[in-house]
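Participant: Test case, fold it:
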Amino acid sequence: MLQQIFTLSFMTAFLAAAVRLAVPLMYGGIGETIAEKSGILNIGMEGVMLSGAFFSFAGAWYSGNLFVGLLAGMLGGLVVSLLHGLLSITLVQNQSVSGLAINMLMLGVTSFLFKLMSDGQGYQQIETFPNIAIPGLSKIPLIGEAFFNCDFLTYLIYILLIFTWIFYKKTNPGLAFAAVGEHPQAAESAGIPVKKYRWVVMVFNGLLGGIGGAYLVLVQLGVFTENMISGRGYIALATVILGRYTPFGMFGAALLFGAANALQIRLQTIGVSISPFLLAILPYALTLIAMLGAAGKSSEPEALSKPYIKGSR
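Facilitator: Residues are numbered from 1 along each chain as shown. Alright, predicted model coming up:
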């Protein structure tokens, strides 16, 4: 009986940690899904999330209000995403190069600004958003604690996933946005303003990516550290591919990475006799294996990352 209680307790805590670690990836992933379905590849999601993390911390620290911090994080992510839009949509530059340049730029910018802000005083702590238990649902064994005793940003991502799925599957505007990513020339001929639609998706890409970065600060840690995204932006890109460019597929892929990350943390906690450095690569190794398994099965939009010039063929 004691063994069963311990096992249930371990699995409950493990699943809750997996969801918590997956939420930033879900925000980055849903933002990237929206962008890629309209033909924009934003490898700069790492920079978008890093900007969201820093400016959410700065906003919350100076204002003393977490919601001001969240808004600042969203705006920080938006500015970076719009910069990518300027380079890739207006100036028709290579989207991969633009994204990588933005990642390096934001790593330097946020590190510099944080040093100015901290003035050599080290870490500064802020409060974090509390969990809100949903009556009844939060008491469900195993899954209740993980999915229904969370912060409001976690509940918000559930709603966003449902609305995004409905938007692309059940509405005419959703079909129009998807058409922009599949065949922009045909979409333009049908009266759909391709560049305007792509600017719209970059706005959502930035806002959602900014929330993903802000989540790390305002929910998980309460602090900002240099390069704290640590590859999560790239993993968010991977969740879109693994999820076959669908909201719920991306959700499952993000949970897979979150579970792998939670597993390596739990194994270190209980003292498994494996090098902690080896355990630390587990999430990335599992993600790589999953992507290798998905090789040749991609359903990416036809015009993804291809520059579009009005009137071109």
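Participant: which residues touch whichever helix or strand K115 is part of?
Facilitator: Per DSSP states H and E: K115 is located in helix 95-118. For helix 95-118, the external contacting residues (C-beta atoms under 8 Å, 6 or more residues apart in numbering) are 40-48, 50-51, 53-54, 58, 61, 80, 83-84, 87-88, 124, 224, 226-227, 233, 305, 307. Where you see a C-beta, it was placed from the backbone N, CA and C, and this is true even at glycine.
Participant: Partner strands of the helix or strand following it and their direction?
Facilitator: Sequence-wise, the next helix or strand beyond helix 95-118 is strand 132-133, with elements assigned using DSSP H and E. Strands adjacent to strand 132-133 in the sheet, as given by DSSP bridges, are strand 149-150 (antiparallel).
Participant: Touching the strand it pairs with from outside, list them.
Facilitator: A16, V19, R20, N131, I132, A133, I134, S138.
Participant: State the number of residues packed around the nearest residue to the fifth one once chain neighbours are set aside.
Facilitator: Using C-beta to C-beta, 6 or more residues apart in numbering and skipping the chain neighbours, the partner closest in space to I132 is F152 (6.1 Å). Each residue near F152 was counted by other C-beta atoms under 10 Å, and the total is 12.
Participant: before we move on, back to that, return the member of the contacts of strand 149-150 nearest to M26.
Facilitator: When those are ranked by distance to M26 (C-beta to C-beta), V19 comes first, at 9.3 Å.
Participant: isn't the closest one right next to F147, touching?
Facilitator: Yes - between V19 and F147 a contact is recorded at 6.3 Å, counting by C-beta atoms under 8 Å.
Participant: okay, the two: which has more neighbours?
Facilitator: When V19 is set against F147 and neighbours are counted by other C-beta under 10 Å, the residue ahead is V19, at 21 against 18.
Participant: For stretch 124-138, measure first residue to last.
Facilitator: 32 Å (C-alpha to C-alpha, to the nearest Å).
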